[in-house]
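> need the 3D shape of this:
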Amino acid sequence: MNPSLISAINAPISPSPNSPLLCHFLPPLPLRLSNTQSPSRRRYRVSLPRCAATSSNQPLVSTQTKKSNVHGNKKELTGLQPIVEKMTPPVRLATSAVVLAASLASGYGLGLRLAGSRNFAFGGAAVAGAAGGALVYALNAAVPEVAAIGLHNYVAEFEDPAAVTKDDVEKIASRYGVNKGDEAFQAEICDIYCRYVTSVLPAEGQSLKGDEVEKIVKFKSALGIDDPDAASMHMEIGRRIFRQRLETGEREGDAEQRRAFMRLVYVSALVFGDAASFLLPWKRVLKVTDAQVEIAIRENAKQLYAERLKLVGRDINVENLVDLRKAQQSFKLSDELAEDLFREHTRTVAIENISSALSVLKSRTRAVKSMALVVEELEKVLEFNNLLVSLKSHAEADQFARGLGPISLLGGESDFERRMDDLKLLYRAYLTDALSSGRIEENKLVAMSQLRNILGLGTREAEAISVDVTSKAYRKRLANAVTSGDLEAQDSKAKYLQKLCEELHFDAQKASAIHEEIYRQKLQQYVTDGELSDDNVAALLRLRVMLCIPQQTIEAAHAEICGTIFEKVVREAISSGVDGYDAETRKSVRKAAHGLRLSRETAMSIASKAARRVFTNYIRRARSAENRTESAKELKKMIAFNTLVVTEMVADIKGESSDKEPEEEPVQVKEEDAEDEEWGSLESLRKTRPDKELSEKMGKPGQTEITLKDDLPDRDRIDLYKTYLLYCLTGEVTRIPFGAQITTKRDDSEYLLLNQLGGILGLTSKEIVNIHVGLAEQAFRQQAEVILADGQLTKARVEQLDELQKQVGLPQSQAEKVIKNITTTKMANAIETAVNQGRLNIKQIRELKEANVSLDSMIAVSLREKLFKKTVNDIFSSGTGEFDETEVYETIPSDLSIDVEKAKGVVHDLARSRLSNSLIQSVALLRQRNRKGVVSSLNDLLACDKAVPSEALSWEVSEELSDLYDIYSKSDPKPAPEKLSRLQYLLGIDDSTATALREMEDGAFSSAAEEGNFVF
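Numbering: from 1, shown residues only. From the prediction side, this is the model:
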């Protein structure tokens, strides 16, 4: 059998009307027996008739008919069998002896009578005895078959074969004098067992009932059949099912055969227990894998356990749980699967009540009684859940069915995971009923928590529903307390409200939010006409006291609700423009500012926000203007809007007269006086503070409380101020045809507008001064750089710069800084150029330092290090042979302001590289017969050696080293002994050679000349 035999084993085991029915061996046919086993274990091959598949249009055999015809009709006796059947074993034995004796006697007598000879008589006796023996043998040989037929007929007489007992079988065997192990008798027992197993297994379209295993085991024990023989019958039934599957041509019939085989495998496994693994070779005979066998056992065990669970309702008790546990173990069902099935069953029981509650809750004719029915159904679910929880903690819980615990609708085959809204409605209904009395009891809180877990609601979802329902209940209790006057009569309103929250188990913070919402609604109702009357204020105060609302919350509510109304009034006033802000508009602003009982800070904040939005629009247009003149015009419009609209609106909000001059703070006056004293020479700054006559001519100044300080970056505010300042300085430029332009100078009134612009932009006095000084410095610097183009400061140029400083109005100290900066920069550039070109030495550097020139700021560190390296290189190539460590390591680095350690490293690197180069250069000059150059190069070598002492030098031609020493020792002026001794060591000349060279009269060049003349 291929694995496809039970490929559909996961399908539910359900009846199929078109599946073939198991054959029940109705016609009694003779058995063909063959002993294929050893004496210790016999296997009988039983020839069973094939049962064709039942057609779908043929009626099925009823269960009652099947029971009465399990073993067929009685078998008839033939031949000697009736005679044998009537003989008992003693009679049969005596009859056999009589027949044998009679045959011998008759043969002997007949032979003696006919032949008259004893020999013929003995021959006749032998022949007659053989015939009698054959008859006796035939008589005894028929006994096992007669016994088998007797057993068959005996069993066939019972309507229920299970009524046969072991004693009945033994009596039949003893009656005929046969052994139960006799082949024919044993074959009949196997046939009866096979027929019974086939009858016990469910018919087509039926499922296992759970008592099949018990019946088969009992009948097997009654027949006394061994397990190997019984197992062979189970295997034979499996082969027959396989053959029927091959003969079935329909898909449904094939699926039914698979289910029948699954049931056979499961029942067989339970019948034989642990021995089933080797007694039932499904894998070897029918090609069924162990996994498929396990699945068959699992699915049938689940089906039986599920059927057993259906007998258990919500009134489950300890006895039921113990029986379920025993059934699970007898069904060979694992604890995990049993737990899942039990939980699914409890879920199904709870779903019945849940569905009933939902149907009532969603009915169109819902009434108060209907809500009681909903709560009643939910109480049943909670009662069932509590029962399961209590049984789980029972002392003998280990003997109970697995899966005890709280119920949860989530999971399983239910669709409540997709109907979460319906579950929320149930939870809301139960919570509403719990709060119907105006308070909630502790037991209801526990029940609500359990119901939430049963319905599978999340913590946030349940909390949201709880807050919503409890909020409504709290509002209702609060409204009753306010209406009845109980709350107002309380000495401590806070304690009363706290007690109310405790009775409802309501969060105090959420209660405060409800109080705030009630206050806001009442405030919104009172300000519908645009102002708050005294009665309204008193009512709001009374409500605030009763609800214990903090002052901060009250101010926030007024700022939001009343502020929205005031903001609308301010927007209308601002949108009216410069010409539209008339007396009527001012009146509406005053009414809104004072009638809504807003604090001055709140009102000013709202007005500031609206005004700054308009200021920002002006600024945006000013930035996008084509030129400075157009940008200044937009800024002038903004200044006019501030003066004519914003200033008036601020006065109306404060309740002040717009004609009253604003008081100036003394500190500000002192600050301005100090600035005037310091920067009084700046004409542009002085003009921004006009005299009294010009101030009266220009009218009242603009407000400075609403500014753009926090709306624009500092850089943008400074740029806008500079733009208008340059407009005031240069005037209005008008372009005319042919590329010409006309500049119109502005009067001093523009500087007053500039001052107001500084106030709108939120610039401080210091920032304004810095802007004016910056522009003055910029103008002075541009002209001064032209005058001091070469960096030379002459008397005529000084006079010219003084005149320029007076024109610009820059203070003398600031002008001197600019001049010094220019001259210093020019000098620094010249010094840097000289260093790069090598025209500046350490002597000139020292002269500049004596002249108080800051070289550290004029010459970069890299250039100073470059100058130091050049100076040291000059020392090593001077030809004097001198090296002053103090001068090189301390004085020169100090003059150049460079690191001493770094300077030493530069000196050592140069000395090492110059040492070998000086020797090579000396030999080259020797070959050129340049005596003076040789001496100079050797002095450089000694200077390098003094900086970094060296080992003795090597050269390929030792005679050239001797010539170098000879020339240096006889140079003029006479070298110092220590230099000569050091040179001797460096050139590797021993003392005798050195002495000989010094005593020679002719030098190296004379010998070389003579040698050259000789060659010539």
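
> mind checking which helix or strand the closest residue to residue 433 other than its chain neighbours is in?
Take residue 433 and drop its neighbours on the chain: the residue closest to it by Cβ to Cβ, 6 or more residues apart in numbering is residue 375, 4.8 Å away. Quick note: C-beta positions are derived from backbone N, CA and C, even for glycine. Using DSSP states H and E, residue 375 sits within helix 368-392.

> try residue 717
Here residue 717 is assigned to helix 714-730, by DSSP H and E.

> that's a helix at residue 820, yeah?
Yes: assignment of residue 820 by DSSP: H, G, I helix; E, B strand; the rest coil places it within a helix.

> if I look at it, how far off is residue 801?
Using Cβ to Cβ, to the nearest Å, residue 820 is found at 11 Å from residue 801.

> of the two, who's got more company?
Using other Cβ atoms under 10 Å as the criterion, residue 820 and residue 801 rank with residue 801 on top: 21 against 11.

> and the helix or strand residue 750 falls within, what's buried?
Secondary structure from DSSP H and E places residue 750 in helix 749-761. Across helix 749-761, burial judged by 16 or more other Cβ atoms under 10 Å covers 750-761.

> just how off-centre is it within its chain?
Averaged C-alpha coordinates place helix 749-761 at 57 Å from its chain's average position (Cα atoms, centre = their mean, to the nearest Å).

> again, but for stretch 301-314
With Cα atoms, centre = their mean as the basis, stretch 301-314 stands 43 Å off its chain's centre.

> for stretch 584-602, same thing?
Centroid separation for stretch 584-602 versus its chain: 53 Å, with Cα atoms, centre = their mean.

> buried residues in it?
Within stretch 584-602, the residues that qualify as buried by neighbour count (16+ other Cβ under 10 Å) are 585-586, 588-590, 592-593, 595-596, 598, 602.

> contacting residues for the residue nearest to residue 433?
With contacts defined as Cβ atoms under 8 Å, 6 or more residues apart in numbering, residue 375 is in contact with 429-430, 433.

> report how many residues lie close to residue 464.
Counted with other Cβ under 10 Å, the neighbours of residue 464 add up to 13.

> please identify which helix or strand holds it.
Secondary structure assignment for residue 464, by DSSP H and E: helix 459-484.

> would you mark the buried spots in that helix?
Buried positions in helix 459-484, judged by neighbour count with 16+ other Cβ under 10 Å: 461-462, 465-466, 469-471, 473-474, 477-478, 481.

> can I assume residue 333 sits in a strand?
No: with three-state DSSP as the criterion, residue 333 is located in coil rather than a strand.

> pLDDT wise, what is the closest residue to it other than its chain neighbours at?
Spatial nearest neighbour of residue 333, chain neighbours left out: residue 301 (4.1 Å); criterion: Cβ to Cβ, 6+ apart. Looking at residue 301, its pLDDT is 86.

> just residue 390 next, same as before
pLDDT at residue 390 comes out at 90.

> residues near it, how many?
10.

> following the helix or strand residue 914 falls within, which helix or strand comes up?
Secondary-structure assignment from DSSP H and E places residue 914 in helix 900-927. Downstream of helix 900-927, the first helix or strand assigned by DSSP H and E is helix 931-947.

> who are the packing partners of that next one?
helix 861-876, helix 900-927, helix 958-969, helix 977-987 (3 or more Cβ pairs under 8 Å, 6 or more residues apart in numbering; DSSP states H and E).

> any idea which of the ones you listed is most buried?
With neighbours defined as mean count of other Cβ atoms under 10 Å, those peak in mean count at helix 958-969, which reaches a mean of 20.

> tilt between that one and helix 931-947?
Put simply, helix 958-969 runs at 90 degrees to helix 931-947, going by axes from the mean of the first three to the mean of the last three Cα atoms, to 10 degrees.

> now helix 958-969 against helix 900-927, angle please.
On the basis of the same axes, to 10 degrees, helix 958-969 is oriented at 110 degrees to helix 900-927.

> so for helix 958-969, what's the average pLDDT?
The average pLDDT within helix 958-969 is 82.

> could you do stretch 583-590 as well?
Stretch 583-590 comes out at a mean pLDDT of 86.

> how far off centre is the helix holding residue 375?
39 Å.

> pLDDT on whatever helix or strand comes next after it, on average?
Tracing the chain past helix 368-392, the next element assigned as helix or strand by DSSP H and E is helix 420-434. Helix 420-434 carries an average pLDDT of 88.

> not counting whatever helix or strand comes next after helix 420-434 itself, show me its contacts.
Using DSSP H and E, the next helix or strand after helix 420-434 towards the C-terminus is helix 442-455. Here helix 442-455 makes contact (Cβ under 8 Å, 6+ apart) with 350, 378, 381-382, 385-386, 406-409, 416, 423, 426-427, 430-431, 434, 462, 466, 505.

> and the angle for the helix or strand residue 602 falls within with helix 749-761?
Taking DSSP H and E as the criterion, residue 602 maps to helix 600-623. If you take the same axes, to 10 degrees, helix 600-623 sits at 120 degrees to helix 749-761.

> what's helix 600-623 packed up against?
When contacts are defined as 3+ Cβ pairs under 8 Å, 6+ apart, helix 600-623 packs onto helix 551-575, helix 628-641, helix 647-654, helix 714-730.

> what is the burial count for residue 656?
Look at residue 656: counted by other Cβ under 10 Å, it has 11 neighbours.

> how about the buried residues of stretch 584-602 in TSV, adding secondary structure and distance to residue 287?
Shown next, in TSV, are the buried residues of stretch 584-602 (DSSP: H, G, I helix; E, B strand; the rest coil; distance: Cβ to Cβ, whole Å):
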residue	secondary structure	distance to residue 287
585	helix	101
586	helix	104
588	helix	99
589	helix	99
590	helix	103
592	helix	95
593	helix	98
595	helix	98
596	coil	93
598	coil	93
602	helix	90
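
> how near is residue 723 to residue 622?
8 Å.

> find residues that contact each of the two.
631-632, 635.
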